[in-house]
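>>> What shape does this take:
(one chain, ligands or ions: 1)
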Amino acid sequence: MADLQTSWLGLTLTSPLVVAASPISRDPAAAMQAEAAGAGAIVMHSLFEEQLIEEQMAAHRYFDQLADTNAEARSFLPDSDLYPLDAEGMVAELQALRQQLTIPVVASLNGNTPGGWTRYAARLADAGASAIELNLYDVASTTATSGADVERRQLEVVAAVVAAVSIPVGVKISPFYASVPAFVHQLEQAGVRGVTVFNRFYDPVVDLDTLAVRRNLESSTSAELPLRLHALAILSATSGALSLACSGGVHTGEDAARAILCGAHVVQVASALLTHGPAHIGTLRGELQHWLDDKGYTSSAAARGVLGLAKAEDPSVWTRLNYIRSLDTWREQPTWRNHT
Ligand SMILES: Cc1cc2nc3c(=O)[nH]c(=O)nc-3n(C[C@H](O)[C@H](O)[C@H](O)COP(=O)(O)O)c2cc1C
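Now for the predicted structure:
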């Protein structure tokens, strides 16, 4: 049987299948089911910068309540009831998970402006987190800040979190950088131990009847995986000693195998577990094991990166040349001609 042991963020895991940041970590019984089914680690749902700033503001408000000088600044902050949990609530959840689980528990922070909130990374480390995953989720909506400004600001946040803790820090990024490898290289120089590709943007639904924009939280499908595979294949050749996590579109053991072949050290799963239950990680693990054994791999490590940019028989499958070739294949499928 192929050995599934892997290393992620400097941690040794018994399995590359990891529970992604999601509500599963809020329920210790669900987390225990995932562990029993063979999860290698669990990432907690995130503590948000806005949540932490709101707490700091609440403390200020307490002291400033007689001389209310910060009304304007406060008006930019989201309502505190948007966030169901404060930092100490998160610490309590982390401690509860630590007591129940033997697999590493990774705490998650989500924010993108430097500030005092980054110190909470140390609180989570003290409470027993094995590592921190920092989710850099950004939405550009003004002309005032350039892409370079955004990256600079994000690197400052990363440096602050890395400086605050001695446990490993991984960063979950979006696909929206002009050069993902260059930004990831800068993350590595800032002391990050791994990257997770990619976070997932939740698509707004424009309702034509009510002329309103509704929030939409749809489960992913395997169709989201190829974007990740492409990034993994390139990063496996460019990202030095960083560990790589795939997040987004893993729904089967075969999807996990694809991510590993392209260079992933671990594969994070959320939607599939929220749909089928946390024990479903055992099904994915079984399918991955079966595929590795069938292909004669003695370990998942042996399969890792086999299709990456550095090792692929034809590296041009990952480059611009392949784009040109792909467009050309439409000539072989001229279905549209049937309609002319
Ligand atoms: C209900 C739900 C809650 C999530 N909460 C978080 C979160 O708190 N922090 C985070 O970084 N990602 C969060 N995610 C994103 C997942 O960790 C994951 O990156 C994304 O869902 C893609 O993986 P999937 O295709 O397996 O769902 C959440 C996803 C879902 C569906």
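>>> From residue 277, how far off is residue 248?
20 Å (CB to CB, to the nearest Å). Quick note: C-beta positions are derived from backbone N, CA and C, even for glycine.
>>> Now do the same contact list for residue 151.
177, 183, 186 (CB atoms under 8 Å, 6 or more residues apart in numbering).
>>> Wait, a helix at it?
Yes: the assignment for residue 151 is a helix, going by DSSP: H, G, I helix; E, B strand; the rest coil.
>>> Quick check: it vs residue 174, distance?
12 Å.
>>> do residue 13 as well
Taking CB to CB, one finds residue 13 at 25 Å from residue 174.
>>> Tell me the strands beside the strand or helix carrying residue 12, with direction?
In the assignment (DSSP states H and E), residue 12 maps to strand 11-13. When sheet partners are counted by DSSP bridges, strand 11-13 sits next to strand 6-8 (antiparallel).
>>> where exactly do the strands run in the stretch 201-340 of the chain?
Ranges of strands in the stretch 201-340 of the chain, per DSSP state E, counting those that start in this stretch, are 205-207, 212-214, 243-247, 266-269.
>>> Most tightly packed of those?
Among the strands of the stretch 201-340 of the chain, the stretch with the highest mean neighbour count (mean count of other CB atoms under 10 Å) is strand 266-269, at a mean of 30.
>>> So the nearest residue to residue 245 once chain neighbours are set aside: helix, strand or coil?
In this structure, residue 245 finds its nearest non-sequential neighbour in residue 196, 4.1 Å apart by CB to CB, 6 or more residues apart in numbering. What three-state DSSP gives for residue 196 is strand.
>>> Identify the bridge partners of residue 196.
Going by DSSP bridges, residue 196 forms beta bridges with residue 172, residue 245.
>>> change the start of the numbering to 5 and stick with it
All right, first residue 5 from here; so that's residue 200.
>>> Can you report how many residues lie near it?
29 (other CB atoms under 10 Å).
>>> Could you double-check that it lies in contact with residue 178?
No: look at residue 200 against residue 178 with CB atoms under 8 Å: they stay out of range, at 10.5 Å.
>>> Quickly list what's touching both of those two.
Counting by CB under 8 Å, 6+ apart, nothing touches both residue 200 and residue 178.
>>> So which residues make contact with whichever strand or helix holds residue 97?
Using DSSP H and E, residue 97 sits within helix 91-104. Outside helix 91-104, the residues within contact range by CB under 8 Å, 6+ apart are 29-30, 32, 35-36, 46, 48, 51, 55-56, 59, 89, 109, 111, 124, 127-128, 131-133.
>>> how about residue 137, what does it touch?
25, 47, 110, 111, 112, 113, 173, 174, 175, 176, 200.
>>> Actually, residue 254.
Here residue 254 is in contact with 226, 229, 260, 263, 271, 272, 273, 276, 288 (CB under 8 Å, 6+ apart).
>>> if you set the cut-off to 10 Å instead, what comes out?
Counting by CB atoms under 10 Å, 6 or more residues apart in numbering, residue 254 makes contact with 21-22, 24, 224, 226, 228-229, 232, 260-263, 268, 271-276, 288.
>>> now do residue 21
Per CB under 10 Å, 6+ apart, neighbours of residue 21: 8, 10, 38, 41-45, 254, 257, 260, 270-273, 277, 285-286, 288-289, 292, 304.
>>> sorry, back to before: which one of the contacts of residue 155 sits closest to residue 207?
Proximity of the contacts of residue 155 to residue 207 was ranked by CB to CB; the top entry is residue 181 with 19.8 Å.
>>> Please identify the helix or strand for the closest residue to the closest one other than its chain neighbours.
Nearest residue to residue 181, sequence neighbours excluded (CB to CB, 6+ apart): residue 187, at 4.6 Å. Per DSSP H and E: residue 187 is located in helix 184-193.
>>> May I see the buried residues of that helix?
Across helix 184-193, burial judged by 16 or more other CB atoms under 10 Å covers 184, 187, 188, 189, 190, 191, 192.
>>> outside of that helix, which residues touch it?
By CB under 10 Å, 6+ apart, the list of residues contacting helix 184-193 reads 138, 140, 151, 155-156, 158-159, 162-163, 166, 173-175, 177-178, 181, 183, 196-199, 201-202, 234-235, 238-239, 241-246, 248, 313.
>>> Return the members of the contacts of helix 91-104 classed as buried.
Looks like these have 29-30, 32, 35-36, 46, 48, 51, 55-56, 59, 109, 111, 124, 127-128, 131-133 buried, using 16+ other CB under 10 Å.
>>> okay, now residue 105: neighbour count?
Residues near residue 105, counting by other CB under 10 Å: 19.
>>> Would you list the phi and psi of residue 138?
Phi and psi for residue 138, reported as degrees, to the nearest 10, are phi -100, psi 120.
>>> Tell me how many other residues surround residue 280.
13.
>>> Check it and give its pLDDT.
As predicted, residue 280 sits at a pLDDT of 97.
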